[in-house]
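# My questions concern the predicted model and sequence given below.
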Amino acid sequence: MNRMVWLLASVVGILACAHQVTCAAQPGQLIRHPRHPEYLTRKGSEGDTVAIVAPGDPEGFLYLGTKQGDGTRAGGQQQEIIDRMIAQGGNALYCIAVRSYYKKSKDADGDATQNPFINDDPYQGVNHAILDQWDAWLTQLDNANIATFLFLYDDGSRPFGLNGFDDSLPSEEIAFVQAVVQKFAHLKNLVWVIAEEYEDAYRAKPFLVSMLAKAIKDADVNNHLVGVHQLPSSEFAFTDDPNIDVFLMQNNIKNTFNAVSNANVFVNKRVAVVMAESAHHFPGSSYSQWPGYERVRLLSWRAMMGGTSAVLVYQMAVIPNELGYNTTDKHLNDLRTQQLFFEQTPLAQLSIRTELAGGSVQYVLANPPYDYVLWTDIAHVQPLKLNAIDTGIYSLSFVDCDTGATESISEMAITAGLFMLELPVSFSGAKEVAVYIQRTDARPDPETYETTSQPTATATNTLAITTTNTVTVTASTTTQVEASDNPADPNSLVTNEAYKAVHRINCGSNSQVIDALGRIWEPDYGFSGGTDYKIKGTKLDLSESASAADLARVLRVERTANSKESRITYTLDGERNKHYKIVLWMAELYSQASQPGSRLVDVVVNGETAKDGFDAVAQFGFRKDGVLYIDAVANGDETLVLSFVRNVKAPKINAIEVYEARTTTTTTTTAAPLSCSPSCNPSKAYGRGTQSFRTTFYSTCHNGYTFSLCGRAKNSGNMRVTLKQGFRVLDMSTARGDLCWSYRVGKRIKKKTKFDVSVTSDAQFVLDPPLSRIFSAQCD
């Protein structure tokens, strides 16, 4: 076809969709979830979960083999790749249509033949024999519900240049886009991607990316998703483009959970986020915490727990690649294990709820009171705990993320409060475990699936160290606080024995400051985003507390977001489930924000909004300081994540103190009315294995009961004690050699209530009454 005929034929198809009222997706086609557009689903099955976990290589899939006279390829391994993915796992293909380097290109990874053009010349039009061969391969994948992320251009490949006509797309490029789109629009499992690392080609003219997206939408009668791949950042450049649906993210953040969750906060449900490439999430990464493919598996799970439907593994090839990475069947099976686990969950309806993570649980996705997904890679260290759950009947599905082994419990009665899970016997020694807990006696409306029973910030300013279903994030908005737990003078926390200072940050400063009370304010650390700002030559009207501590050097400096940033985030070390009092020192320094309402900052702690629209000027006055108290619990990743989010004007913070709460408890006891089988006072030695005891209360303990046990294993063997009430695990503790354990049931225990205690060891062990009775025999 000569150039004129090709252009004329293309013009007929250019407005294929533009002139229709709507371009409808096919039944079963990948779409964005209508109520949760940050996730993917399928047309006609909007309640179903789509979970994509797949290799990100070979991106040159379409060009494997030797080019033939008609432009097609022979001797490649395309069919082997397709067959392995169908048989073993990996449900997406990442491939690129144009990989050739052209004179006006900045960069590209393919040679001069890796394009679909007649005679490799973009101005002669597309070679339909090449497109037909691609279609045969991609249709096989489509029939197996394996998605294709089909990129138009590699890196900086610009076959048509950037000049265009009056900053519009050249007619030849429009014709190329139309030809490709119309060829593959019949596929259901397809996502168009305009360019890999779009900045390499379009940094100077990003509006051309938007034009290409519109050209695709205009041609695609089935309205497939359109995405853009971007250089490392959590902030997407095309969030508000009506023709762009998907953010394919690169990132350099070691924890992929943080990378994905940060991106979701930025896009705010306006596009779907795909973890496309990570500098640490590939087999050859120098990230030494985990080796090779173990790292790939762990970071894939973390990414999906961060809130995404799709995870692609950078440089993970289905066949051995030029970098020497050999993907085995086991590696592909790992991908399928993750895919199948999440596809049984209502992923799109779940939100990040790290405040519910307890014990060894690191991440939680949940829609209380119906569904909970728990994940950890340290299940062998301590029990899995869910910090709050409602009373109901639940089913539980377990998966060992490493071996792929699964177990399920079809029906379990759970009472409200802390829920502790005992892993199935077959999971003994498992480290990487995911659990889906689904309520079966009550389900949400299948049409709306609205999240209910969301924990919110409590109305008081107490630490609220309880086992209730509330998020322990509270805030006070003034320096004079009525609640006794928040002192009028923040300096008093220094000498308060109930607290221990663990962080003290001089935000925006690279200098250490020792104040008049001897507190050491460390140079700024733990932050992402923002820049430093300091007032010079203007007096700051210090509060009585700040004046007593001589904090002028601290409060005259701040970290503030720049004009393009929406937030500043501090990620600080903490201990899981420890309670903390956070003291935020604030003073408005900027002369153009001197009036109430001129700067409002949202304060978010571990994903929960602690304070909405905080106004320092309204609370303290202009160039006057004060503090905002927040009580919080470290999340399952053992961090406190503090975010200062733009509401009106750029967010800012002057100084941060974090105090860990020390807690003590006292109890008064009376003789407990219980009997034991076989004995409350065992004196014999037991062989390796498990010994179980059952207690029955023959009258009531009105204020609760404390169980305790001591024992020892020979040769420093491992011991584990488990306390259960029916199917519910109340507590589990492990030790090597000597073990002393206690657990308090802090509620009324009725007559005839039964509890089971089991002791397991890999060595001979003894429970010795002279050391302690197996049960304390005391009511509280």
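Perfect, I can see it now.
# From here on, just use CA atoms for contacts and neighbour counts.
Will do.
# now D132: how far from T139?
10 Å (CA to CA, to the nearest Å).
# can you check V126 too?
19 Å.
# do the same with D441
When D441 is compared with T139 (using CA to CA), they lie 42 Å apart.
# And these two? Which one has more around it.
T139 (18 against 12; other CA atoms under 10 Å).
# Do I have it right that that one meets L187?
Yes: contact criterion CA atoms under 8 Å: T139 and L187 qualify, at 6.8 Å.
# Tell me where this protein has helices.
Taking DSSP state H as the test, the helices found in the chain are 3-14, 78-88, 128-143, 171-184, 199-202, 207-219, 256-267, 292-305, 329-343, 544-549, 552-555, 616-620.
# weakest of these in terms of mean pLDDT?
Among these, helix 3-14 has the lowest mean pLDDT, at a mean of 42.
# Run through the residues that contact D241.
By CA atoms under 8 Å, 6 or more residues apart in numbering, D241 lies in contact with S210.
# could you measure it against A263, distance?
Applying CA to CA to D241 and A263 gives a distance of 16 Å.
# Same question for Y363.
Distance from Y363 to A263, by CA to CA: 17 Å.
# what's the answer for L555, then?
Here L555 is placed at a distance of 31 Å from A263 (CA to CA).
# and the nearest residue to M420 once chain neighbours are set aside, what is it in contact with?
Leaving aside its sequence neighbours, M420 sits nearest to K385 (CA to CA, 6 or more residues apart in numbering; 4.4 Å). Contact analysis of K385 by CA under 8 Å, 6+ apart lists A357, G358, G359, S360, V361, L418, F419, M420, L421.
# Go again with 7 Å.
Contact analysis of K385 by CA atoms under 7 Å, 6 or more residues apart in numbering lists A357, G358, G359, V361, F419, M420, L421.
# ranking those by neighbours, who comes first?
Greatest neighbour count in the contacts of K385, by other CA under 10 Å, goes to V361: 28 neighbours.
# Quick check: that one touching L384?
Yes: using CA atoms under 7 Å, V361 is in contact with L384, at 5.4 Å.
# so where do the strands sit in the stretch 51-200 of the chain?
For the stretch 51-200 of the chain, strands defined by DSSP state E, counting those that start in this stretch occupy the ranges 52-57, 66-67, 73-74, 92-98, 147-153, 190-195.
# partners of the first one in the sheet?
Taking DSSP bridges as the criterion, strand 52-57 sits next to strand 310-317 (parallel) in its sheet.
# Report the spatially nearest residue to D111, omitting neighbours in sequence.
S100 is the one closest to D111 (CA to CA, 6+ apart), at 5.2 Å.
# re earlier: who does the residue nearest to M420 form a beta bridge with?
Here K385, judged by DSSP bridges, has bridge partners G358, M420.
# how much space between it and T391?
Using CA to CA, we find K385 at a distance of 16 Å from T391.
# Which pLDDT value goes with D371?
D371 is assigned a pLDDT of 96 by the prediction.
# That one contacts V435, correct?
No: with contact defined as CA under 7 Å, D371 does not count as touching V435 (10.6 Å).
# Save the strands of the stretch 51-200 of the chain as a markdown table, and put in mean neighbour count and distance to G28 too.
A markdown table is the format used below for these (neighbours: other CA atoms under 10 Å; distance: least, CA to CA, whole Å):
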| stretch | mean neighbour count | distance to G28 |
| --- | --- | --- |
| strand 52-57 | 26 | 15 |
| strand 66-67 | 14 | 35 |
| strand 73-74 | 16 | 31 |
| strand 92-98 | 25 | 16 |
| strand 147-153 | 23 | 12 |
| strand 190-195 | 25 | 11 |
